[in-house]
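[1] show me how the following folds:
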Amino acid sequence: MQKPRLPAIEYIRGISMLGVIGIHVGSQYLSNTSANIHLIALFEIVSRFSVPIFFFISAFGLFYNMDINKVFNYKAFMLRRFRTVLIPYLIWSFFYLLHDDLLYHTGFPSIPSLFGILFFGNAKYQLYFLVILLWFYLLMPLWLYMVRHATWKNLTLLFILQIAFDYFSSFNTTFNLMVYSIENPYLKPFLLYRLNYWVLHYTFIFVVGGYLAVHIEAFLVFMQKRRTEICLFFWISMAALTGYYYRLLFYKGYTLEEAVNTAHQLCPAGIFYTLAASLFFFTIFTYQKFPKTLNPLLSLLGRHSYFAYLVHPVAITYLALLLEHYGRIMTAPIAIVFYCVVILLAISAGMFFRKLGQHWPIVNILTIGIYPKKK
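    Residues are numbered from 1 along each chain as shown. Predicted coordinates:
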């Protein structure tokens, strides 16, 4: 029996895509040495739930449509995931490599370099997400085991271990100095680009997404009864992460870039914020605590979020070149308009290519891994 559709999953995809674009536009705005610290906080700090919540939603969608008590067909599962993720990943990677060669005359990478670029997701700055997602898929039997045996007690332990591991990976000075001091050119990238493929950085949020999907009835009751506490948890965790950011600026003397690179989703406050955001958005989107007139817009954003996520660096690149051509510095008002235009262009491109894919299915197959429905 097919389970009912949950609009919250689609809506969260759209919100996450908006957050990711905010982070990347914020990176452009950081080039302004007089950037508004509060707008940077909105772009770079408040949006920090965006990447990990994608893993939460991915796991939720997988486990929601799966009977974990049945025998798991790993081969069939991986074939489906390779079709929906690996093929678009390779297509977009080659697109960006060719595009950047034409635009910046960087030259197409050699075969050994190409292998490393594809392995680490370095063809463009947003593509590493698909690499981590593929690693999550490859390790699906492990996640099945963990979700089947999950309890609140061991999920709490996993949460504590997640904080400890992410803190070590991101902030342990000895470890990071060791990574940068490695001279072996083959070993160094595996540690230097660990954020691009180590699923351990996001294991907790992925497993929690799967656990809540399997226990959807209890989760729905929990959200309904604890809506106030969930909202409070979200706002407090957001205040804690942004407060940490301001503390780094005003009391620690960090630069804007240093503060942004420290108060991120893998710091302890960021991990709390990710969990809180996952519960918060699922709750408000499930129990409609917002005007219903927003539903078509949220659905539109969610429907085209995958394509928009993959294509938005193109819009950022050419809008930035346009500003450079006219000698304009990205001020706060320009940054806000820049952000809105990037979203408009990315979503419009998603709508156009989805429509094109209705006439030529190969377009959707290659770009977003969507195949024609069998009649």
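[2] next, the distance between the ends of stretch 209-222.
    Stretch 209-222 has an end-to-end distance of 15 Å (criterion: Cα to Cα, to the nearest Å).
[3] now the longest helix seen in the chain: buried residues?
    When the chain is parsed with DSSP state H, its longest helix is helix 332-359. By neighbour count on 16 or more other Cβ atoms under 10 Å, the buried set for helix 332-359 is 335-336, 338-339, 342-343, 345-347, 349-350, 353-354, 357. (Glycine included, C-beta is placed from N, CA and C.)
[4] and for stretch 190-199?
    Residues of stretch 190-199 classed as buried by neighbour count (16+ other Cβ under 10 Å): Phe190, Tyr193, Leu195, Asn196, Tyr197, Trp198, Val199.
[5] show residues contacting it.
    Contacts to stretch 190-199, defined as Cβ atoms under 8 Å, 6 or more residues apart in numbering, come from residues 119-122, 128, 131-132, 135-136, 139, 169, 179-180, 182, 201, 206, 266.
[6] about what we covered before: can you redo the buried residues of helix 332-359 as TSV with distance to Ser113 and pLDDT?
    Shown next, in TSV, are the buried residues of helix 332-359 (distance: Cβ to Cβ, whole Å; pLDDT from 0 to 100):
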residue	distance to Ser113	pLDDT
Ala335	34	97
Ile336	38	97
Phe338	32	98
Tyr339	33	98
Val342	29	98
Ile343	33	98
Leu345	30	98
Ala346	29	98
Ile347	33	98
Ala349	29	97
Gly350	31	97
Phe353	29	96
Arg354	33	95
Gly357	32	94
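[7] from those, which is closest to Lys75?
    Gly357 (27.3 Å; Cβ to Cβ).
[8] tell me who's in contact with the closest one.
    For Gly357, the contact set (Cβ under 8 Å, 6+ apart) comprises Val363, Asn364, Ile365, Thr367, Ile370.
[9] what helix or strand is the residue most central in space within the chain located in?
    Residue closest to the average C-alpha location in the chain (Cα atoms, centre = their mean): Val51, at 2.3 Å. Secondary structure from DSSP states H and E places Val51 in helix 50-64.
[10] gap between that helix and the chain center?
    Distance of helix 50-64 from its chain centroid, counting by Cα atoms, centre = their mean, to the nearest Å, is 9 Å.
[11] about what we covered before: wait, isn't the residue nearest to the centre of the chain in contact with His264?
    No: contact criterion Cβ atoms under 8 Å: Val51 and His264 do not qualify, at 9.4 Å.
[12] can you lay out the buried residues of stretch 190-199 as JSON lines showing secondary structure, distance to Tyr145 and pLDDT?
    Putting those into JSON lines (DSSP: H, G, I helix; E, B strand; the rest coil; distance: Cβ to Cβ, whole Å; pLDDT from 0 to 100) gives the following:
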{"residue": "Phe190", "secondary structure": "helix", "distance to Tyr145": "26", "pLDDT": "93"}
{"residue": "Tyr193", "secondary structure": "coil", "distance to Tyr145": "28", "pLDDT": "95"}
{"residue": "Leu195", "secondary structure": "helix", "distance to Tyr145": "25", "pLDDT": "93"}
{"residue": "Asn196", "secondary structure": "helix", "distance to Tyr145": "25", "pLDDT": "94"}
{"residue": "Tyr197", "secondary structure": "coil", "distance to Tyr145": "21", "pLDDT": "94"}
{"residue": "Trp198", "secondary structure": "coil", "distance to Tyr145": "19", "pLDDT": "95"}
{"residue": "Val199", "secondary structure": "helix", "distance to Tyr145": "15", "pLDDT": "96"}
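[13] just the closest of the residues you listed to His99, please.
    Proximity of the buried residues of stretch 190-199 to His99 (Cβ to Cβ) peaks at Asn196, which lies at 20.1 Å.
[14] how close does that closest one get to Lys252?
    Distance check for Asn196 against Lys252: by Cβ to Cβ, to the nearest Å, it reads 28 Å.
[15] now do His99
    His99 is 39 Å from Lys252, where distance means Cβ to Cβ.
[16] looking at the two, which is more packed in?
    His99 (16 against 11; other Cβ atoms under 10 Å).
[17] what is the three-state secondary structure of that one?
    Local secondary structure at His99 is given as helix here, using DSSP: H, G, I helix; E, B strand; the rest coil.
[18] next up, phi/psi of the closest residue to it other than its chain neighbours, please.
    Nearest residue to His99, sequence neighbours excluded (Cβ to Cβ, 6 or more residues apart in numbering): Val314, at 7.4 Å. Backbone torsions for Val314, taken as degrees, to the nearest 10, come to phi -60, psi -50.
[19] how many neighbours does Val314 have?
    Val314: 17 surrounding residues under other Cβ under 10 Å.
[20] go on, the one 10 residues further on?
    Look at Glu324: counted by other Cβ under 10 Å, it has 11 neighbours.
[21] cool, and Ser110?
    9.
[22] chain neighbours aside, what residue packs nearest to Ser58?
    Spatial nearest neighbour of Ser58, chain neighbours left out: Leu133 (6.3 Å); criterion: Cβ to Cβ, 6+ apart.
[23] identify all contacting residues around the strand or helix carrying the one you found.
    Element membership for Leu133 (DSSP H and E) is helix 128-138. Contacts with helix 128-138, where a contact means Cβ under 8 Å, 6+ apart, come from 51, 54-55, 58-59, 77-78, 81, 85-86, 88-89, 119-122, 143, 193, 195-199, 201-202, 206, 309.
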